[in-house]
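# quick check, what structure comes out for this input:
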Amino acid sequence: MTDATPPAAVSPEDGGTAFAITLMEHLVVPTFVLDAELRVLIWNRACEHLTGVPASEVIGTREHWRAFYESPRPCLADLVAEGAKGRIEQLYVRPEAPREPGRGLRAETWCHMPRRGQSLYLAVDAGPIFDAGGRLIAVVETLRDMSDRKRAEDQLQQLASRDLLTGLGNRHAFDAALELEWRSGERDETSLALLLIDIDHFKRFNDRYGHAAGDECLKRVAATINRFARRAGDLAVRYGSEAFVLLLPDFTRTQAQAVAQRVCDAVRSLRFVDDDEIIGVTVSIGLAVCVPMPGIEATLMLQAADAALDEAKQAGRDRVRIGEV
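As a prediction, this is how the structure comes out:
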């Protein structure tokens, strides 16, 4: 396996083989064993319980993948048996390379268990077993259900990158996305647009109509801005109290300016009601667009958008201004 103990040299003719098989079948850890030709030798009871697949269906076959996936895909034990350890990063997350030649592999992955009809996040270990002559005779794979922990981790990660009031990404999410998209634009020589959006006179709105109305205003403006983050790489975030950012990869200056104007128009059309009073709000937008290049920091783009936002406010608000990077 992956600990410091050298792999045991065993032989199929060893007198303890039957005992070892019986012991493995009754282990509480889900375990299966493949021979060197990838046929299932052992599929223990815990593995039956985890996958919903009885041993009688897979023993002697190469169909063990069906317990974990809907279409053919190698399990970790297959990679060990085939010496295809280089594929581990393509198929698994958090892979651990073997510390020494002949050691096993460790990784994690989501598996859709077809028989159970649910997805489980499994921590997987697969280790080779050699005979006295160093010939591979079997690979043992053990499985641990880490689904609850993984979902908890994902939930914490989502909370860490989400603004609780609006549901948009937060400053942390923006910083990470800006750096990622900046490197991508630099590599592919594609443009990147950044809209820095500020609700006009929000403090005055909040003081006059109360914090509940202010929160409702923030949520509706956020939802309006988020409508313009339509593609997979687009990102809308709450950048500060009443400030938002819309990050649009591979947008030209003309395209980004058109989106910025539509954001202004969409927010201006919002209506809020307070004691039968109809209230409207507007936003000012600072826009920056550039093709990332070596030697230019991503923060310069944000500074350009911030300067343009100040110009928009000074020019009377409810408008778009473009900054130069």
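# residue contacts, Ala177?
Gly169, Leu235, Val237, Leu247 (Cβ atoms under 8 Å, 6 or more residues apart in numbering). The C-beta positions use only the backbone N, C-alpha and C, and glycine is treated the same way.
# could you rerun that using 7 Å?
The neighbourhood of Ala177, defined by Cβ atoms under 7 Å, 6 or more residues apart in numbering, consists of Leu235, Leu247.
# go on, the one 5 residues further on?
Neighbouring residues of Trp182 by Cβ under 7 Å, 6+ apart: Leu192, Pro292, Ala298.
# once you drop chain neighbours, what's closest to the first one?
Pointing back at Leu192 there. Nearest residue to Leu192, sequence neighbours excluded (Cβ to Cβ, 6 or more residues apart in numbering): Gly185, at 4.7 Å.
# and whichever strand or helix holds the one you found, C-alpha only, in CSV?
Using DSSP states H and E, Gly185 maps to helix 171-188. Presented in CSV, the C-alpha positions along helix 171-188 are these (Å, rounded to 0.1, in the frame of the first residue of the first chain):
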residue,chain,number,x,y,z
ARG,A,171,-14.0,39.8,-2.5
HIS,A,172,-12.0,36.6,-2.0
ALA,A,173,-13.7,35.0,-5.0
PHE,A,174,-13.0,38.1,-7.1
ASP,A,175,-9.3,38.2,-6.2
ALA,A,176,-8.9,34.6,-7.2
ALA,A,177,-10.9,34.9,-10.4
LEU,A,178,-9.1,38.1,-11.5
GLU,A,179,-5.7,36.4,-11.1
LEU,A,180,-6.9,33.3,-12.9
GLU,A,181,-8.4,35.2,-15.8
TRP,A,182,-5.4,37.6,-16.0
ARG,A,183,-3.1,34.6,-16.5
SER,A,184,-5.5,33.0,-19.0
GLY,A,185,-5.7,36.3,-21.0
GLU,A,186,-1.9,36.7,-21.0
ARG,A,187,-1.5,33.1,-22.2
ASP,A,188,-4.2,33.2,-24.9
